[in-house]
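Chemist: Sequence and predicted structure are below.
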Amino acid sequence: MPGRALNVVAVGLAFVLSTACGLASCGERSQILEELAEKGKIVDEEVEEMFAHHRPEGAVIILLRYANDIDDAIKTVEKSSVINPSEKARLLRKLRLSERGVREHAKTIRMLDSIDARDH
C-alpha cells in the first residue's frame, strides 16, 4: 500500500535520531525522536485510511504536513548548541533526506492521482 513507504521513512528517522543520544541531551533527542516516530505511525495510518476512502489528495496533505514536522525538527537541530558540528551536519543531512523522501512520496501520489486510467 502507498503508506507503507512512509513506514520506511519513519523507521529511518527513528534510527537517525536515535544516533543523536550522546550528541545532544538525551531529553532533547528523546523528545524529537518520540514526536517524529509517533507522528510517523499516525501519518502512516492516516495515509492508508485516505487511500481506503479513495482520497489520495487527503494523503498528500497529510504527507506534506509530516514533511513540515520534519522540517521543524531540522530547525531544532540547527539551533541546538549541544550537538557537535560534525554530528549535527550528519544528522541534518539524514533528516533532510527523510524530508525529501516524504515530499517525493506526496509528489508521486499527486502525479498518479492525476492520471485517468480511462484515458489509456
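Modeler: In hand now; what should we look at? Numbering: from 1, shown residues only.
Chemist: where along this protein do the helices fall?
Modeler: With helices called from DSSP state H, the chain shows them at 4-18, 26-52, 56-79, 85-114.
Chemist: worst average pLDDT in those helices?
Modeler: For the helices of the chain, the bottom mean pLDDT is recorded on helix 4-18, which sits at a mean of 57.
Chemist: returning to that earlier point: as a markdown table, the helices of the chain with mean neighbour count would be great.
Modeler: The way it works is simple: take the backbone N, C-alpha and C, and place the C-beta from them, glycine included. As requested, the helices of the chain are exported to a markdown table (neighbours: other C-beta atoms under 10 Å):
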| stretch | mean neighbour count |
| --- | --- |
| helix 4-18 | 18 |
| helix 26-52 | 17 |
| helix 56-79 | 18 |
| helix 85-114 | 16 |
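Chemist: For residue 80, grab the count of nearby residues.
Modeler: Burial of residue 80, expressed as a neighbour count using other C-beta atoms under 10 Å, amounts to 17.
Chemist: Backbone dihedrals for it, both of them.
Modeler: Its backbone dihedrals place residue 80 at phi -70, psi 130, with angles given as degrees, to the nearest 10.
Chemist: quick one: it and residue 36, what's the gap?
Modeler: The spacing between residue 80 and residue 36, counted by C-beta to C-beta, to the nearest Å, is 15 Å.
Chemist: With residue 99 instead?
Modeler: When residue 99 is compared with residue 36 (using C-beta to C-beta), they lie 11 Å apart.
Chemist: Residue 77 too?
Modeler: The span separating residue 77 from residue 36 equals 11 Å under the rule C-beta to C-beta.
Chemist: and what of residue 102?
Modeler: When C-beta to C-beta is the yardstick, residue 102 and residue 36 sit 11 Å from each other.
Chemist: ok, now residue 81?
Modeler: For residue 81, the distance to residue 36 under the criterion C-beta to C-beta works out to 21 Å.
Chemist: that older thread, overlap of the contact sets of residue 99 and residue 36?
Modeler: residue 70 (C-beta atoms under 8 Å, 6 or more residues apart in numbering).
Chemist: separation between residue 71 and residue 95?
Modeler: Between residue 71 and residue 95 the distance is 9 Å, computed by C-beta to C-beta.
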